[in-house]
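Novice: dropping the sequence and predicted coords here.
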Amino acid sequence: MIEILQWSTLAVCCAAAVARIPSAIRGENRSLFYIFVLATLAILLSIDGPYLAIDRVLGGSNITNLILRFVIYGVILLIGYRIAKGFGAPTSVRLILGPVGLGILAVIAGATVALFVLADTAGSVTGLTTLPSRSPENAQLIRLYAGAGRLYPAYVAACLFPATYAAMTSRLPKGIRLGAGLLTLGFAALVLGTFYPLLPTGLGHLEAVVNYIGALAFILGLTAIWICRVSMQAAAQKSSTAK
Amino acid sequence: MPLPAKAFQRWLHGIAPQASTADICRISGVKRTTLAQQLVRGKVSESTVVSISRAFNINPVAALATFEIYSELAGSPALPTAAELVSQIATMDLLKAVIARPAGTAGGSETDQQQHAPPLAPVPHATSVKNWVDAIDDGELRHRVSTATGIAPQNYSAQLSANRLTPELALATARAAGVGLTGGLLATGMITESEAGWPPGARQAALDALSDGELAALAGDRLQALGRNLKRQEQDHEQTKKIWENLG
């Protein structure tokens, strides 16, 4: 079940990135292309097989997980900026790219690196799942490391949630409202992510399901807005030539 | 609420016993796939009945009246009130009338200028549904409609602002307001003025009967509403453009 969700998320994201290539070459919104490429990379790195293969090349000390964290921070920063600007939320732009937002990113990034260095991370393990059991101290460090990794996405999501929710319930074109709704769903998943430590241990797989559904909602949401633009502009062109 | 397919078949058999479905569609201009789908689902839309009855030169209102839920449409409809008539005049026609009036009275020698006034645009106009309901609303109408039909008030107003109203609600609204039952069907564009039993020229006569003050106030209200609407559309358009610039 999780495997299917993982690989289909990867496929959808990869397809979206490939589909953006022509418009990226034309110079339309290159950053959206980078978002899809980085997101594809992030999803690839979070799947068992590719993770182990890449981490072996990088020395088998789980440094790939650290890279993954930073790829996610980058994607979130780019997406956050684009969405805040697009949905006309100047407060969100300030909260994400202003001194507060960048300060939070710097602190979290620093903490991520520090906790990673302090913890015993030898031996590739996807999602670092078995590392905590090595020692109580390691358990604490890994728990904090994972928590720090979820904090920044949750912060950005909380900043943008009101803007996309408002767009979802507005009178804008249907495609945009659908896209905004999917983005809102993705943000909700990211915010929920901070509460994972409160989940009972038996529900570990729920975490992954929420993560991937969130990622999928993001990609589909951005794609919906894009398709809406393409189709409406094609319709406008057709009617203008018909006249 | 759409009409039951069984009753529809019976009605169709009554007016055109020989015709096949394909014939009916060809004459009435209803798409074959649409009709087939409606028959399969067991629910035929009112507009299908209207199109078919027009093709067979039957008054659509009389045709609808043969179905049980629309049986109260039978008989000659009550005449529209003056407010209803004026509500079905397009905003631009009202504004033209405002401009034409002083010119007509000041002209002196050309007193019959009003005779040459351009014909009013046909019903429905861009805000005809909302204007119709406003014209017959005594302040409690929306409330009565929602208790009578069970529709949530916000869904009802959403339909009105979208210039739509299901035939069933149009009828319920007219009933709750105690006006002619065909007015709502006309305002939604389902039937024409003459099919609704509105006398020809009645709208023009109602417009001419308005005093200068009434006309100016009414046109002013409409113009204000139009301005709000256009402004909102422009804002939405701006936002859409911005979203596309950043995320398209």
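Specialist: Thanks, I have it.
Novice: which stretches of chain A form helices?
Specialist: Ranges of helices in chain A, per DSSP state H, are A:2-25, A:30-45, A:48-57, A:63-86, A:90-97, A:99-118, A:136-168, A:174-193, A:204-242.
Novice: quick one: residues contacting residue B:177.
Specialist: Shown in contact with residue B:177 (CB atoms under 8 Å, 6 or more residues apart in numbering or on different chains): B:136-138, B:141. Yep, even glycine has a C-beta here, placed from its N, CA and C like the rest.
Novice: mind putting the helices of chain A into CSV with mean neighbour count, distance to chain B and mean pLDDT?
Specialist: Listed next are the helices of chain A as CSV, based on neighbours: other CB atoms under 10 Å in any protein chain shown; distance: least, CB to the nearest CB, whole Å; pLDDT from 0 to 100:
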stretch, mean neighbour count, distance to chain B, mean pLDDT
helix A:2-25, 16, 9, 88
helix A:30-45, 21, 7, 89
helix A:48-57, 14, 28, 87
helix A:63-86, 21, 3, 90
helix A:90-97, 17, 11, 87
helix A:99-118, 15, 17, 91
helix A:136-168, 19, 8, 88
helix A:174-193, 22, 6, 90
helix A:204-242, 17, 4, 82
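Novice: tell me the domain boundaries of chain B?
Specialist: Taking automatic domain parsing as the reference, chain B has its domains at B:3-73, B:82-222.
Novice: which helix or strand in chain B has the lowest average pLDDT?
Specialist: helix B:91-107 (a mean of 78; mean pLDDT, DSSP states H and E).
Novice: next secondary structure after that helix?
Specialist: Following helix B:91-107 in sequence order, the next helix or strand is helix B:128-136 (DSSP states H and E).
Novice: list the buried residues in that following helix.
Specialist: In terms of neighbour count (16 or more other CB atoms under 10 Å in any protein chain shown), helix B:128-136 has its buried residues at B:128-133, B:135-136.
Novice: count of neighbours near residue B:147?
Specialist: 11 (other CB atoms under 10 Å in any protein chain shown).
Novice: need the per-residue pLDDT for it.
Specialist: We have a pLDDT of 93 for residue B:147.
Novice: per-residue confidence at the residue nearest the centre of chain B?
Specialist: The centroid of chain B falls nearest to residue B:187 when counting by CA atoms, centre = their mean (1.5 Å). Here, the pLDDT recorded for residue B:187 equals 94.
Novice: quick check: it touching residue B:136?
Specialist: No: Residue B:187 lies out of contact with residue B:136 (CB atoms under 8 Å); the separation is 9.9 Å.
Novice: find the nearest non-adjacent residue to residue 134, please.
Specialist: No chain specified, so I'll use chain A. residue A:120 (5.9 Å; CB to CB, 6 or more residues apart in numbering or on different chains).
Novice: please refer instead to chain B.
Specialist: The shortest distance from residue B:134 to any non-neighbouring residue, by CB to CB, 6+ apart, is to residue B:87 (6.9 Å).
Novice: one step back: so which of the buried residues of helix B:128-136 is the closest to residue A:75?
Specialist: Using CB to CB, residue B:130 comes nearest to residue A:75 of the buried residues of helix B:128-136, at 45.5 Å.
Novice: get me the contact residues on chain B for chain A.
Specialist: Taking CB under 8 Å from any CB of the partner chain as the contact definition, chain B meets chain A at B:232, B:236, B:239-240, B:242-248.
Novice: next, format those residues as CSV and append secondary structure and pLDDT.
Specialist: Converted to CSV, those look like this (DSSP: H, G, I helix; E, B strand; the rest coil; pLDDT from 0 to 100):
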residue, secondary structure, pLDDT
B:232, helix, 91
B:236, helix, 88
B:239, helix, 87
B:240, helix, 87
B:242, helix, 87
B:243, helix, 86
B:244, helix, 84
B:245, helix, 82
B:246, helix, 84
B:247, helix, 82
B:248, coil, 75
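Novice: tabulate these (CSV), appending neighbour count.
Specialist: Converted to CSV, the residues of chain B next to chain A look like this (neighbours: other CB atoms under 10 Å in any protein chain shown):
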residue, neighbour count
B:232, 11
B:236, 15
B:239, 18
B:240, 22
B:242, 15
B:243, 25
B:244, 21
B:245, 14
B:246, 19
B:247, 27
B:248, 23
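Novice: quick check, residue A:60 in contact with residue A:124.
Specialist: Yes: at 5.1 Å, residue A:60 counts as touching residue A:124 under the criterion of CB under 8 Å.
Novice: who's more crowded, those two?
Specialist: Set residue A:60 next to residue A:124 and count neighbours by other CB under 10 Å: residue A:124 wins out with 20 against 15.
Novice: any idea how far the more buried one lies from residue A:51?
Specialist: Note on residue A:124: its distance to residue A:51, by CB to CB, to the nearest Å, is 7 Å.
Novice: between those two, which contacts overlap?
Specialist: Here residue A:124 and residue A:51 share the contacting residues residue A:64, scored by CB under 8 Å, 6+ apart.
Novice: returning to what we had before: any idea which of the buried residues of helix B:128-136 is closest to residue A:71?
Specialist: residue B:130 (51.8 Å).
Novice: got the contact list for the closest one?
Specialist: Counting by CB under 8 Å, 6+ apart, residue B:130 makes contact with B:160-161, B:163.
Novice: so can I have a markdown table of these showing distance to residue A:191, secondary structure and neighbour count?
Specialist: Listed next are those as a markdown table, based on distance: CB to CB, whole Å; DSSP: H, G, I helix; E, B strand; the rest coil; neighbours: other CB atoms under 10 Å in any protein chain shown:
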| residue | distance to residue A:191 | secondary structure | neighbour count |
| --- | --- | --- | --- |
| B:160 | 37 | helix | 20 |
| B:161 | 33 | helix | 12 |
| B:163 | 39 | coil | 17 |
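Novice: which of those residues sits closest to residue A:219?
Specialist: Nearest member of the contacts of residue B:130 to residue A:219, counting by CB to CB, is residue B:161, at 33.7 Å.
Novice: per-residue pLDDT of the closest residue to that closest one other than its chain neighbours, please?
Specialist: Setting aside the residues directly before and after it, residue B:161 is nearest to residue B:130 in space (CB to CB, 6+ apart), at 6.5 Å. On the pLDDT scale, residue B:130 is placed at 94.
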